[in-house]
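*Asks:* Okay, predicted coordinates and the sequence, questions at the end:
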Amino acid sequence: MTVQVGRRRVPLTHPDKILFPPADGSSGSGIDKAGLADYLRLVADRMLPHVREHPLALQRFPDGTGGSGFFAKKVPESAPDWVHTVTVDRVTGGSVTMLCADDVATLVYLADLAALALHPWPSRAAAPRRPVRLIFDLDPPGADDFAVVRRAALALHDLLAELELSGYPMTTGSRGVHVVVPLAARQDVDEVRAVAGAIADRLAARYPDELTTQVRKEQRHGRLFVDTLRNAYAQHAIAPYSPRPLPGAPVATPLSWDELADETLTSAQRYRIPDLADRLSTVDDPWAGLGRHARDLDPVRRRLGED
């Protein structure tokens, strides 16, 4: 089978292979490879602005979520010559050539690879040490503590506003919420990481009974970890609208702050592949105009040092 995407014909092998089996207790036959390709085409207009020109790590499951999976950073040797690739330095030395998802045809190619989760770097290929995103990762300390995640994210929103930064929330499709801050790409990755850590420390100090920046789990004592580790060089985070390789095909979903504050939202897996067509047709893009709020972090460092 081939899929016509603009002027490209993209092969899709085994289009009826089930990648997401039906969730326990649900009807239907699950989501096959052709269904994943259809989904990625559906969300392309909203996803591509956040992944285009970013080095991309893939979480691949060739036999679907019922089989084993692996992370892939190196671009496959069989990749079409029209796929954008970039060679970046590894943390451990040497380099690796990675793929960038710049267009709809590449998203369909990723469906053919059974890439069930897409993880872009927070920087673009042209300047891999200059992030354009600062990311806070807020996962619940327990299995069913989404209310704690909500409170942490809303408190972070307030703190970011004090620092004159814009934050954009997203359920990750897994356990928690990411809050993404657009950057003007003027600071090195190590400077960005330091500012992220300082903001996390400030937030945790305001709510010491609920939040912590302790990396070691045994030192958290049931508190939510305000995680900024994804801001280090060569780290990555789940892409907006990417599926997750979990039962029911949940999706990382950008939200408005009002949606996140709504207490009827009780799970980071609220939205799933079958839900997105309706959401996209009825809800305006909560992250529209994100790039216009990109900021230089130098003034933020000064504000953090003023107290």
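*Replies:* Here it is on my side, so go on.
*Asks:* Helices along the stretch 101-250 of the chain, start to end?
*Replies:* Taking DSSP state H, counting those that start in this stretch to define them, one finds helices in the stretch 101-250 of the chain at 104-112, 146-162, 189-206.
*Asks:* now those as JSON lines including mean neighbour count, mean pLDDT and distance to Ser123?
*Replies:* Heads up, the C-betas are built off the backbone N, CA and C, glycines and all. Formatted as JSON lines, those follow (neighbours: other Cβ atoms under 10 Å; pLDDT from 0 to 100; distance: least, Cβ to Cβ, whole Å):
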{"stretch": "helix 104-112", "mean neighbour count": "23", "mean pLDDT": "98", "distance to Ser123": "19"}
{"stretch": "helix 146-162", "mean neighbour count": "18", "mean pLDDT": "97", "distance to Ser123": "20"}
{"stretch": "helix 189-206", "mean neighbour count": "18", "mean pLDDT": "97", "distance to Ser123": "7"}
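*Asks:* Let's have the ones you listed in JSON lines, adding distance to Asp45.
*Replies:* As requested, the helices of the stretch 101-250 of the chain are exported to JSON lines (distance: least, Cβ to Cβ, whole Å):
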{"stretch": "helix 104-112", "distance to Asp45": "9"}
{"stretch": "helix 146-162", "distance to Asp45": "26"}
{"stretch": "helix 189-206", "distance to Asp45": "28"}
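*Asks:* So which of these is nearest Val215?
*Replies:* Taking Cβ to Cβ, helix 189-206 is the member of the helices of the stretch 101-250 of the chain nearest to Val215, at 10.7 Å.
*Asks:* The helices of the stretch 101-250 of the chain: which one's closest to Gly222?
*Replies:* Between Gly222 and the helices of the stretch 101-250 of the chain, the shortest separation by Cβ to Cβ is 9.6 Å, and it involves helix 146-162.
*Asks:* Number of residues surrounding Thr264?
*Replies:* Using other Cβ atoms under 10 Å, the number of residues around Thr264 comes to 6.
*Asks:* Could you report the pLDDT at it?
*Replies:* Looking at Thr264, its pLDDT stands at 96.
*Asks:* and it, helix, strand or coil?
*Replies:* Here Thr264 is recorded as coil under DSSP: H, G, I helix; E, B strand; the rest coil.
*Asks:* Looking at the helices of the stretch 101-250 of the chain, which is nearest to Asp285?
*Replies:* Across the helices of the stretch 101-250 of the chain, closest to Asp285 is helix 104-112 (Cβ to Cβ), at 17.1 Å.
*Asks:* what packs against that closest one?
*Replies:* strand 2-5, strand 8-11, helix 33-51 (3 or more Cβ pairs under 8 Å, 6 or more residues apart in numbering; DSSP states H and E).
*Asks:* which of the ones you listed is buried the deepest?
*Replies:* helix 33-51 (a mean of 20; mean count of other Cβ atoms under 10 Å).
*Asks:* Centre of the chain to that one, how far?
*Replies:* Chain-centre distance of helix 33-51: 14 Å, with Cα atoms, centre = their mean, to the nearest Å.
*Asks:* With stretch 36-53 instead?
*Replies:* Centroid separation between stretch 36-53 and its chain, computed with Cα atoms, centre = their mean, is 13 Å.
*Asks:* Could you export that stretch as PDB, keeping only the C-alpha atoms?
*Replies:* Taking Å, rounded to 0.1, in the frame of the first residue of the first chain, the C-alpha atoms of stretch 36-53 are listed here in PDB:
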ATOM      1  CA  LEU A  36      -2.100   5.600  12.900                       C
ATOM      2  CA  ALA A  37      -1.100   7.200   9.600                       C
ATOM      3  CA  ASP A  38      -4.600   8.700   9.300                       C
ATOM      4  CA  TYR A  39      -4.400  10.000  12.800                       C
ATOM      5  CA  LEU A  40      -1.000  11.700  12.200                       C
ATOM      6  CA  ARG A  41      -2.300  13.300   9.100                       C
ATOM      7  CA  LEU A  42      -5.300  14.500  11.000                       C
ATOM      8  CA  VAL A  43      -3.200  16.300  13.700                       C
ATOM      9  CA  ALA A  44      -0.300  17.300  11.400                       C
ATOM     10  CA  ASP A  45      -1.300  21.000  11.200                       C
ATOM     11  CA  ARG A  46      -1.200  21.300  15.000                       C
ATOM     12  CA  MET A  47       1.700  19.000  15.700                       C
ATOM     13  CA  LEU A  48       4.200  20.000  13.000                       C
ATOM     14  CA  PRO A  49       4.900  23.500  14.300                       C
ATOM     15  CA  HIS A  50       6.200  21.900  17.500                       C
ATOM     16  CA  VAL A  51       8.400  19.200  15.900                       C
ATOM     17  CA  ARG A  52       9.500  20.600  12.600                       C
ATOM     18  CA  GLU A  53      13.400  21.000  12.400                       C
END
